[in-house]
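Trainee: Sequence unavailable; structure follows:
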């Protein structure tokens, strides 16, 4: 079972607001007064209707975007640009099609001039952790969608990031592959102790993965609900879905998400 250290928050968002301009139109508010914390070693899932700003939060923490107001702190220091302590995994694996599995995984360290004797053992370790130890020399087109996403996971984990930001990384996979990837993610996470923010639209995925689930409102996005997930680890999906508490908690979260989605569709969000 993953033990969350009783330490100050690794990541803190305090009063974040963000708008985006489009041509001559007035700027559209996307986030409004967002405050949240990620503790050391915690896996937090972020749920909410489309367009509520989930990916914007991830991009702000990653340093890809800047806030209009408020502060983002990593271990108490302001975040204003990308850094190696924050890894990002997107919905699509975005592998280089002309590079092998091993060369894709090691691309970052190689471009940074890290010695092969330093990065290669770690790359091999992560490929073993994601079950691709026999696929070093395969090309991306020779792999299934789930295998390509496993390569992306190994690549993101190779620099040993302290924070892993994941934007619906399993959203394009079929149901069975998605479940296998969820199990793989929790297995590797429990071995590494990485702090993870995981964006998803899937309530079942959030309940299986998360220590906490945060639900966002319709745009402009706010944190409108928070749930601590009570189910012990390691979690077995078949045991989990049979738990009476699982169904009740899923219903409660799903109701909030659907209500916010309706507001988003009808334009009634405040």
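Mentor: All right, it came through fine. Just so you know, these numbers come straight off a predicted model, no measurement behind them. Numbers count the residues shown, from 1 in each chain.
Trainee: Start from the N-terminal end of the stretch 151-270 of the chain and give the strands.
Mentor: Counting by DSSP state E, counting those that start in this stretch, the stretch 151-270 of the chain has strands at residues 163-167, 195-199, 212-216, 223-228.
Trainee: For residue 43, which of these is the nearest?
Mentor: With CB to CB as the measure, strand 195-199 is the member of the strands of the stretch 151-270 of the chain nearest residue 43 (4.5 Å). Heads up, the C-betas are built off the backbone N, CA and C, glycines and all.
Trainee: ok now that closest one, how far from the chain's centre?
Mentor: 4 Å (CA atoms, centre = their mean, to the nearest Å).
Trainee: do stretch 91-104 as well
Mentor: 19 Å.
Trainee: re earlier: figure out which of the strands of the stretch 151-270 of the chain is closest to residue 34.
Mentor: Closest to residue 34 of these, according to CB to CB: strand 223-228, at 6.3 Å.
Trainee: possible to save the strands of the stretch 151-270 of the chain as a markdown table with mean pLDDT, distance to residue 56 and mean neighbour count?
Mentor: Shown next, in a markdown table, are the strands of the stretch 151-270 of the chain (pLDDT from 0 to 100; distance: least, CB to CB, whole Å; neighbours: other CB atoms under 10 Å):
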| stretch | mean pLDDT | distance to residue 56 | mean neighbour count |
| --- | --- | --- | --- |
| strand 163-167 | 96 | 10 | 24 |
| strand 195-199 | 97 | 10 | 24 |
| strand 212-216 | 97 | 10 | 23 |
| strand 223-228 | 96 | 13 | 15 |
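Trainee: so can I have CSV of the ones you listed showing distance to residue 97?
Mentor: Shown next, in CSV, are these (distance: least, CB to CB, whole Å):
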stretch, distance to residue 97
strand 163-167, 21
strand 195-199, 26
strand 212-216, 35
strand 223-228, 39
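Trainee: now for those strands, which one comes closest to residue 13?
Mentor: strand 223-228 (9.3 Å).
Trainee: name the helices or strands packed onto the closest one?
Mentor: strand 25-38, strand 212-216, helix 244-266 (3 or more CB pairs under 8 Å, 6 or more residues apart in numbering; DSSP states H and E).
Trainee: what's the angle between the second one and strand 25-38?
Mentor: Between the axis of strand 212-216 and that of strand 25-38 there is an angle of 160 degrees, by axes from the mean of the first three to the mean of the last three CA atoms, to 10 degrees.
Trainee: State the distance from residue 194 to residue 166.
Mentor: Using CB to CB, to the nearest Å, residue 194 is found at 10 Å from residue 166.
Trainee: Now do the strands in the stretch 1-150 of the chain.
Mentor: Going by DSSP E, counting those that start in this stretch, the stretch 1-150 of the chain shows strands at 11-22, 25-38, 43-47, 69-74, 77-78, 86-89.
Trainee: Out of those strands, which one sits most buried?
Mentor: Among the strands of the stretch 1-150 of the chain, the stretch with the highest mean neighbour count (mean count of other CB atoms under 10 Å) is strand 43-47, at a mean of 25.
Trainee: quick one: that one to chain centroid distance?
Mentor: The answer for strand 43-47 is 7 Å, by CA atoms, centre = their mean.
Trainee: what's the answer for stretch 139-156, then?
Mentor: Centroid displacement of stretch 139-156 relative to its chain, using CA atoms, centre = their mean, is 17 Å.
Trainee: ok, the residue nearest to residue 102 when sequence neighbours are not counted - contacts?
Mentor: Closest residue to residue 102 apart from its sequence neighbours, by CB to CB, 6 or more residues apart in numbering: residue 136 at 4.2 Å. Going by CB atoms under 8 Å, 6 or more residues apart in numbering, residue 136 touches 100, 101, 102, 127.
Trainee: Next: residue 95.
Mentor: Listed by CB under 8 Å, 6+ apart, the contact set of residue 95 reads 104, 140, 148, 151, 152.
Trainee: Which two of those residues have the greatest separation?
Mentor: Farthest-apart pair in those is 140 and 152; separation 10.0 Å (CB to CB).
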